[in-house]
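[1] Structure of the sequence below:
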Amino acid sequence: MRVLIVDDEPSIRRTTRIAVESSGHTAAEAPNGAKAVKAAEDDGFDAVFLDLKLGADDGLEVLDKLMKLRSPPAVILFTAYANIATAVEAMRRGAFDFIPKPFTPDQIRAVLTKVAKSHTLERRVQALENDLASGAPPVDLESLEPAMQRSLQIAFKAAETEANMLILGPSGTGKSVLAREVHKRSARRNAAFVTVNCPSLSKELLESELFGHAKGSFTGAVAETSGKVAAADGGTLFLDEIGEMPLEIQPKLLRLLQEREYDRVGEATARKADVRVIAASNRDIAAEVKAGRFREDLFYRLNVIAITLPGLRGRPADLKRLAEGVRKYFATRAGKAVDMSPAVMAAFAAYPWPGNLRELRNVMERAVILAPGGTIELSDLPEEFSVPRDKSVALGAPVTLDDLEAEHIRRILATSRSLDEAAHTLGIDPATLYRKRSKLGLL
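    Residues are numbered from 1 along each chain as shown. Predicted coordinates for the structure are as follows:
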């Protein structure tokens with residue numbers, strides 16, 4: 001953690017700094033309230049040791065200003081015994097704890113341990129809230145298919161280690177679900193699981209998202225941010241679609257993996273982070289290395305444990321169980337009692353599922369909503385499920401360009417997380433994609 005020590009006595013600042021740094025944290029000092037607030041605004045701190053008596057400054061007023069910051073630190077008060085009542089009042093205003101003077105180095109270390117545990121719990125609660133808000137069907141990590149069984153066995157055995165992991169497979173096959181399950185089965189399960197979607201941001205914004213930035217480090221950086229690496233400290237950092245990470249950022253990630261160090265954008269001070277990295281990609285990373293789009297040394301660092309997830313088309317023995325599980329979930333959410341007709345399951349078995357598990361979920365949610373009675377019929381599915389598979393659109397088939405375009409757009413939409421992502425893949429703007437969907441009857 002980054003710790004600020006605020007006291008008007010240099011000897012107290014020096015003693016406290018020694019105790020802080022001997023615990024593995026970094027420390028900065030401020031002799032008065034004005035400099036303390038300015039430092040906290042500019043640099044951001046995880047914890048602040050604050051003296052209640054700062055010469056002409058009132059420690060309670062400084063505390064109030066620190067509590068109004070965008071990301072307020074945990075403030076620990078230094079106070080003499082006669083000021084305990086004032087310290088209690090300060091805690092009502094948001095202070096984290098207080099230490100009576102004179103204090104020992106062990107007291108400093110103990111309260112820092114409490115702060116670190118508090119931060120870990122906050123990140124854990126945030127992760128759980130995100131899980132609840134996602135509204136996703138329950139995770140199904142069983143399989144009757146040998147290839148999938150083997151992948152799961154490797155993943156769960158490696159989960160107990162600290163090894164980095166690379167999960168490969170087509171979009172929508174459940175790579176992020178497996179990564180989260182690996183985290184839950186690891187020794188880091190009580191810490192945060194933090195996701196970074198590599199294709200979603202520009203190079204500059206992705207670097208800031210990962211490592212954080214200092215205030216004023218670029219246009220629009222009106223406040224410092226800690227970044228996803230700091231949020232994942234002690235836990236797991238999941239890098240989704242890492243094959244699309246810009247080459248300029250890859251050396252910084254390599255440094256994090258090798259040395260457990262990183263720099264925030266606009267900052268020269270190295271920071272430490274204890275994270276386990278799990279990466280995923282729908283690309284062939286080895287081929288990306290040969291093409292010069294991915295660093296070979298980074299690939300080997302990530303490829304300690306490599307797992308490949310097959311597409312849904314390669315899991316015919318699992319299809320019925322997966323479809324039934326998703327049907328039950330959405331039927332319960334909709335408050336409807338619906339089953340699937342044999343014709344629907346036959347259509348599912350014949351369909352190639354380019355969007356894999358993500359597409360299955362979308363199709364089933366739509367079918368549950370549209371089904372007028374107690375059974376999902378073929379008419380409740382998207383139009384492509386009624387098309388005989390031997391007449392499906394393919395390159396070189398005797399079909400019109402409109403048919404080819406409609407099929408390509410449908411498949412891209414099925415494998416994309418959002419309309420913006422699909423538009424980016426197709427090389428058109430979202431408004432154009434919306435019009436094309438409307439014209440082609442794909443809404």
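
[2] how close does the residue nearest the centre of the chain get to Glu261?
    Centroid check for the chain by CA atoms, centre = their mean gives Thr195 as the closest residue, at 1.4 Å. To Glu261, Thr195 is 22 Å away according to CB to CB, to the nearest Å. Just so you know, the C-beta spots here come from the backbone N, C-alpha and C atoms, and that holds for glycine as well.

[3] repeat for Val62
    Val62 sits 32 Å away from Glu261, taking CB to CB as the criterion.

[4] Which residue of those two possesses the greater neighbour count?
    More neighbours surround Val62 than the other of Val62 and Glu261, with 24 against 12 (other CB atoms under 10 Å).

[5] Hmm, Lys38 and that one touching each other?
    No. Val62 lies out of contact with Lys38 (CB atoms under 8 Å); the separation is 11.2 Å.

[6] Let me see the domain layout of this structure.
    The chain is divided into the following domains under automatic domain parsing: 2-116, 146-310, 313-440.

[7] still on that earlier bit, checking my notes, the residue nearest to the centre of the chain in a strand, right?
    Yes. When DSSP: H, G, I helix; E, B strand; the rest coil is applied, Thr195 is found to be in a strand.

[8] That one: what's it in contact with?
    176, 228, 238, 240 (CB atoms under 8 Å, 6 or more residues apart in numbering).

[9] and these, which of them are in helices?
    Cross-referencing the contacts of Thr195 against helices under DSSP state H gives 176, 228.

[10] farthest-separated two in the contacts of Thr195?
    Ser176 and Lys228 (14.5 Å; CB to CB).

[11] ok, those two, which is more surrounded?
    For Ser176 versus Lys228, the count of surrounding residues by other CB under 10 Å is larger for Lys228: 21 against 17.

[12] The more buried one touches Cys198, doesn't it?
    No. Between Lys228 and Cys198 there is no contact under CB under 8 Å: 11.1 Å.

[13] Name all residues that make contact with Asn282.
    Residues in contact with Asn282 (CB under 8 Å, 6+ apart) are 168-171, 241, 243.

[14] From Thr161, how far out is it?
    25 Å.

[15] Same question for Ser22.
    In terms of CB to CB, Ser22 sits 30 Å off from Thr161.

[16] in stretch 93-107, what's buried?
    95-99, 103 (16 or more other CB atoms under 10 Å).

[17] swap in stretch 28-37?
    Those would be 28-33, 36-37, for stretch 28-37 by 16+ other CB under 10 Å.

[18] how many neighbours does Ala39 have?
    Ala39 has 17 nearby residues by other CB under 10 Å.

[19] I'd say it and Ile5 touch.
    No. With contact defined as CB under 8 Å, Ala39 does not count as touching Ile5 (10.4 Å).

[20] overlap in contacts of those two?
    Shared contacts of Ala39 and Ile5, defined by CB under 8 Å, 6+ apart, comprise 28, 30.

[21] Run through the residues that contact Arg315.
    143, 145, 148, 322.

[22] Could you tell me which of these count as buried?
    143, 148, 322.

[23] Just the ones of these in helices?
    Per DSSP H, the subset of these in helices is 148, 322.

[24] Can you lay out the buried ones among the contacts of Arg315 as CSV showing distance to Arg333 and pLDDT?
    Formatted as CSV, the buried ones among the contacts of Arg315 follow (distance: CB to CB, whole Å; pLDDT from 0 to 100):
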residue, distance to Arg333, pLDDT
Ser143, 25, 92
Met148, 27, 93
Leu322, 17, 94
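
[25] with the buried ones among the contacts of Arg315 in mind, which one is nearest to Leu360?
    Nearest member of the buried ones among the contacts of Arg315 to Leu360, counting by CB to CB, is Leu322, at 6.4 Å.

[26] who's in contact with the closest one?
    The contact partners of Leu322, by CB under 8 Å, 6+ apart, come to 140, 312, 315, 357, 360.

[27] How about Arg188?
    Counting by CB under 8 Å, 6+ apart, Arg188 has contacts 234-236, 276.

[28] related to what we said a few turns ago, now the contacts of Thr195 in a markdown table, with pLDDT and distance to Leu52?
    Below are the contacts of Thr195 laid out as a markdown table (pLDDT from 0 to 100; distance: CB to CB, whole Å):
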| residue | pLDDT | distance to Leu52 |
| --- | --- | --- |
| Ser176 | 92 | 47 |
| Lys228 | 92 | 36 |
| Phe238 | 96 | 43 |
| Asp240 | 94 | 47 |
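
[29] What is the nearest of the contacts of Thr195 to Arg333?
    For those, the nearest to Arg333 is Ser176 (21.0 Å; CB to CB).
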